[in-house]
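*Asks:* Just a sequence and a predicted model for now, questions to come.
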Amino acid sequence: MIKLEKVSKKFATGAFGLSDISVAVDKGEFVFLVGPTGAGKTTIFRLITREMLPTLGTIIVDNWDVAKLPHSKIPHLRKKVGVVFQDLKLLMDRTIFENTILPLEVAGAKSTERKGKAEEVLEKVGIINHRDKFPVQLSGGELQRAAIARALVLTPEIVLADEPTGNLDSETAFRIVKLLEDINKKGTTIIMASHNMEIVNTFSKRVIALDKGRLIRDDNPVGSSRSGRQTPLTEGSDGVENKKKEKKG
Amino acid sequence: MTFKTTWRNIRRSPYQAFAAILIMMLTFLVASFFAFLLFGSSRVITYFESKPTLTSFFRNEAKQEDIESLEKKLKATGKVAAVKFVSKQEALKIYRQQNKNDPLLLDLVTEDILPASLEISAIKIEDLPSIHGILKSSPNVSEVIYQKEVVSTLTSWTNALRKIGIGLIVVLGVVSVFIIVTIIGIKISQKKNDIEIMRLIGASSWYVRWPFVIEGIFYGVVGTMLGFGIAAGSIWYLAPFLSDFLKGIPIFPVSPIFLFALLGAELAIAVVLGAFSSFLAVLRYLK
């Protein structure tokens, strides 16, 4: 479904965002992408959605070579991949319902279908009661749900969730991940970036860990038999604690 | 949805919208006034061209046959629309009619003093000099009066007016384009974040561009309606005064066909101008 082959990304500053990353995610998988801030998690998401191009390597999404995709095809790719952005990227001057319906309008869905579909997905994420409120009127958890609703409304094959539990209390965070797990059970491939070890260990999914743009752990590395075994994260195994140690040292 | 977005963009920045509509209104107000002015002056020229613009007075010794042969000669040129013979008696009648309130003038003039004449209207204004030449060459003609000067002055004024009008409209049109480009550009900059989000969730370039292009068209259309409305309203209001001023020249009422044709043409130009301006802005600011 998603394949990164020897992908490197060098920024204009000369710093490497990613170095020689090779990972593959199968259809229907739920993967945690872990690592400290600046590890390259968001860069991977931005490469998958063609927000930026890799300096080296190939990115395949559902048989499409993302880097070689013509400009006219980028909207098609982005409709296939739902993204829950780290900063949510909700339109502040539109209601939750209007934000949710936006991808359907962008995709040119029939007006008769839009309303039902948007309401269905808001119901699914549990914020149907807030449909006519503006983002400023919602709590952090509700906003995350709104962002998830918008990412799901086109029934994408892939959902990329960038730190969706970032600023939430642990109870709300667990509910959000549970919601993503439910969506995954219906066949949607989910990649969730997180540095919350508690959540990653509780849900016991495949973990891909990055640090300073390098792959430091993959439970199902490219070329393996892809057994899907998940090992709980221990201190240092996601690069987070290593970084802390380095700083202390 | 595109229209809804356009309307939201307009509603949320009313001052910018007002500025854009105002400049478009000014452009089309001037365009409408010049169109009315040119239409009016062309009607005045047509009036003068269709009137007996040459009057040829005969000497007293001229015989009826000579006058008739000259009339035939004129008709044979094919340049003459109508020829009317005015006899001495008829001339006196006209004189009496014109001066009926002045008995002193009526007493002084008799049939003998007034010459017989031919009133000639030309088909084209350019033919007046050649008709004038034919009349002048006749020994029976004492004097020829023709309104060549009036018409040629009017024609040169109309031509100058047309040039000034076109120049002014072009300048205002260019100013309108720049103002709309700037306004749409500002709006695009203000909505950069929204546009980025839309693109990230799969919006095509045209999905993002259309509301801005329609916004430009909206400014053009509303500005034109206002500009045309004010110009047409002024003409309607001034019609009685202008009719008095232009005694006998049938300009009013202005034909509704002309009004609709002018409005249609202005709207078409406004749509093109508005769309072009916003498209320029979109190309410049939405890369």
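*Replies:* Structure's in. What do you need?
*Asks:* Name the SS class of the residue in chain B that chain A sits nearest to, please.
*Replies:* The nearest approach of chain B to chain A comes at residue B:202, 3.7 Å away (C-beta to the nearest C-beta). Placement of C-beta: from N, CA and C, glycine included. When classified by DSSP: H, G, I helix; E, B strand; the rest coil, residue B:202 comes out as coil.
*Asks:* Residue A:4 too?
*Replies:* strand.
*Asks:* Mind pulling up the pLDDT for it?
*Replies:* Model confidence at residue A:4, given as pLDDT, is 93.
*Asks:* Now do the strands in the chain.
*Replies:* Just going to use chain A. Assigned by DSSP state E, the strands in chain A fall at A:2-10, A:16-25, A:30-34, A:56-61, A:64-65, A:81-84, A:158-162, A:189-194, A:206-211, A:214-218.
*Asks:* That was the other one, I meant chain B.
*Replies:* B:54-58, B:80-86, B:117-122, B:141-146.
*Asks:* Make a markdown table out of the ones you listed and add mean pLDDT and mean neighbour count.
*Replies:* Formatted as a markdown table, the strands of chain B follow (pLDDT from 0 to 100; neighbours: other C-beta atoms under 10 Å in any protein chain shown):
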| stretch | mean pLDDT | mean neighbour count |
| --- | --- | --- |
| strand B:54-58 | 85 | 22 |
| strand B:80-86 | 85 | 16 |
| strand B:117-122 | 84 | 22 |
| strand B:141-146 | 82 | 16 |
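*Asks:* Mind putting the ones you listed into CSV with distance to residue A:41?
*Replies:* As requested, the strands of chain B are exported to CSV (distance: least, C-beta to C-beta, whole Å):
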stretch, distance to residue A:41
strand B:54-58, 95
strand B:80-86, 90
strand B:117-122, 90
strand B:141-146, 93
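*Asks:* Out of the ones you listed, which gets nearest to residue B:186?
*Replies:* strand B:117-122 (58.7 Å; C-beta to C-beta).
*Asks:* Parallel or antiparallel, which strands does the closest one pair with?
*Replies:* strand B:54-58 (antiparallel), strand B:80-86 (antiparallel) (DSSP bridges).
*Asks:* Up against chain B, what does chain A have?
*Replies:* A:49, A:51, A:72, A:75-79, A:83, A:85, A:89-91, A:93, A:102-103, A:105-107, A:150, A:154 (C-beta under 8 Å from any C-beta of the partner chain).
*Asks:* Only whichever of those residues are buried, select them in PyMOL.
*Replies:* Applying 16 or more other C-beta atoms under 10 Å in any protein chain shown to the residues of chain A next to chain B, the buried members can be selected in PyMOL as follows:
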select buried, chain A and resi 49+51+75+77+78+79+83+85+89+90+91+102+103+105+106+107+150+154
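*Asks:* The residues of chain A next to chain B in helices, which ones?
*Replies:* Among the residues of chain A next to chain B, the ones falling in helices (DSSP state H) are A:75, A:76, A:77, A:78, A:79, A:102, A:103, A:105, A:106, A:150.
*Asks:* hmm, back to that, out of the strands of chain B, flag the one nearest residue B:23.
*Replies:* Of all the strands of chain B, strand B:117-122 comes closest under C-beta to C-beta, at 45.3 Å.
*Asks:* now the angle from that closest one to strand B:141-146?
*Replies:* On the basis of axes from the mean of the first three to the mean of the last three C-alpha atoms, to 10 degrees, strand B:117-122 is oriented at 40 degrees to strand B:141-146.
*Asks:* Using CSV, write out the CA atom coordinates for strand B:117-122.
*Replies:* Below are the C-alpha coordinates for strand B:117-122, written out as CSV (Å, rounded to 0.1, in the frame of the first residue of the first chain):
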residue,chain,number,x,y,z
SER,B,117,-35.9,78.7,-54.3
LEU,B,118,-35.1,75.0,-54.3
GLU,B,119,-34.6,73.2,-51.0
ILE,B,120,-32.3,70.2,-51.6
SER,B,121,-31.4,67.5,-49.2
ALA,B,122,-28.4,65.3,-50.1
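*Asks:* contacting residues around it?
*Replies:* Strand B:117-122 is contacted by residues B:49-58, B:67, B:70-71, B:74, B:79-86, B:91, B:128, B:131, B:135 when judged by C-beta atoms under 8 Å, 6 or more residues apart in numbering or on different chains.
*Asks:* at 7 Å instead, please
*Replies:* B:50-58, B:71, B:74, B:79-86, B:91, B:128, B:131 (C-beta atoms under 7 Å, 6 or more residues apart in numbering or on different chains).
*Asks:* Next, the contact list for residue A:46, please.
*Replies:* Per C-beta under 7 Å, 6+ apart, neighbours of residue A:46: residue A:52.
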